[in-house]
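with the input below, show me the fold.
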Amino acid sequence: VPAHAIAPMKSKNSIFFFIISPLLQNLQISKRTGAAGVVSTGVLGELGFIVGDAGYIYGCSDPTAGVTVLDAGDATIDNLLAVHALSDVFAVAVGNNGAVVYTEDGVLWGAATTRPTAPTEDLTCVWVKGENEWLVGSNAGSLYATYDKGVTWTEVTFAGSGTGEVHDISFATDSVGYLA
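Below you'll find the predicted structure:
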């Protein structure tokens with residue numbers, strides 16, 4: 001099953017980045033050593049998450065040992081395109097047809113109560129600001145926010161909303177965020 005997105009992970013003295021190549025359909029691993037917290041995004045724990053086709057979600061605590069299937073399409077059968085994690089136990093993944101799934105223990109994944117958009121929109125990126133507050137971007141150029149773990153969603157408008165595609169969301173601080 002080809003994987004589409006990952007959340008980086010940190011081991012004792014190194015941070016591993018997984019790069020997914022859709023054309024080659026293989027996993028490439030790079031390692032960057034340095035002080036803890038060097039990376040401003042991804043997991044700051046001992047587990048990384050990888051998401052892919054048919055709702056598959058993998059976990060990885062040691063890139064040299066491979067991955068473990070955490071969810072074999074049980075939470076959703078939609079292709080998952082992006083994942084962002086607060087820790088090695090809390091992460092949110094998004095994908096085709098507005099799919100949103102999350103974990104609160106790093107193992108069991110479930111679908112959010114509602115999807116933020118019509119099934120014709122694919123969610124292309126996600127940023128988790130807190131366990132209740134998530135932002136997701138779409139291939140239709142829309143940005144959506146939830147403040148209650150996906151029970152309700154609000155469209156966030158910005159200059160250019162509804163045009164192009166939202167490729168990525170990133171926050172430099174709690175109140176300064178960027179869209180690409």
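
where does the chain have its least confident helix or strand?
strand 26-33 (a mean of 33; mean pLDDT, DSSP states H and E).

any low-confidence regions in this protein?
Residue ranges of the chain with pLDDT under 70: 1-45.

so residue 143 sits against residue 160, correct?
No. The pair residue 143 / residue 160 is not scored as a contact, 10.2 Å apart, by Cβ atoms under 8 Å. In this view, the C-beta of every residue, glycine as well, is placed from N, C-alpha and C.

those two: who's more crowded?
Neighbours were counted for residue 143 and for residue 160 using other Cβ atoms under 10 Å; residue 143 has more, 22 against 10.

who's in contact with that one?
Each residue near residue 143 by Cβ atoms under 8 Å, 6 or more residues apart in numbering is listed here: 135, 136, 137, 155, 156, 157, 158, 161, 166, 169, 179.

which residue of this structure lies farthest from its centroid?
The C-alpha centroid of the chain is most remote from residue 159, which lies 24.3 Å away (Cα atoms, centre = their mean).

where's that residue, which helix or strand?
Under DSSP states H and E, no helix or strand contains residue 159.

for the residue lying closest to residue 94 once chain neighbours are set aside, give me its contacts.
Nearest residue to residue 94, sequence neighbours excluded (Cβ to Cβ, 6 or more residues apart in numbering): residue 123, at 3.6 Å. Going by Cβ under 8 Å, 6+ apart, residue 123 touches 81-82, 94-96, 98-100, 116-117, 136-139.

tell me the phi and psi of the residue positioned nearest the centre of the chain?
By Cα atoms, centre = their mean, the chain has its centre lying nearest to residue 83, at 1.0 Å. According to degrees, to the nearest 10, the main-chain angles of residue 83 amount to phi -150, psi 140.

that one is in contact with residue 52, isn't it?
No. Using Cβ under 8 Å as the test, residue 83 is too far from residue 52 to be in contact (9.9 Å).

quote the end-to-end distance of stretch 71-87.
End-to-end distance of stretch 71-87 (Cα to Cα, to the nearest Å): 18 Å.

quick one: buried residues of that stretch?
Within stretch 71-87, the residues scored as buried using 16 or more other Cβ atoms under 10 Å are 71, 73, 75-76, 78-86.

try stretch 88-105
Buried residues in stretch 88-105, counted by 16+ other Cβ under 10 Å: 88, 90-103.

how about residue 114, phi and psi?
In terms of degrees, to the nearest 10, the main-chain angles of residue 114 are phi -130, psi 160.

if I look at it, how far off is residue 76?
13 Å (Cβ to Cβ, to the nearest Å).

and residue 124, by the same measure?
15 Å.

tell me which two in the buried residues of stretch 88-105 are the farthest apart.
Greatest spacing in the buried residues of stretch 88-105, by Cβ to Cβ: 88 and 97 (27.7 Å).
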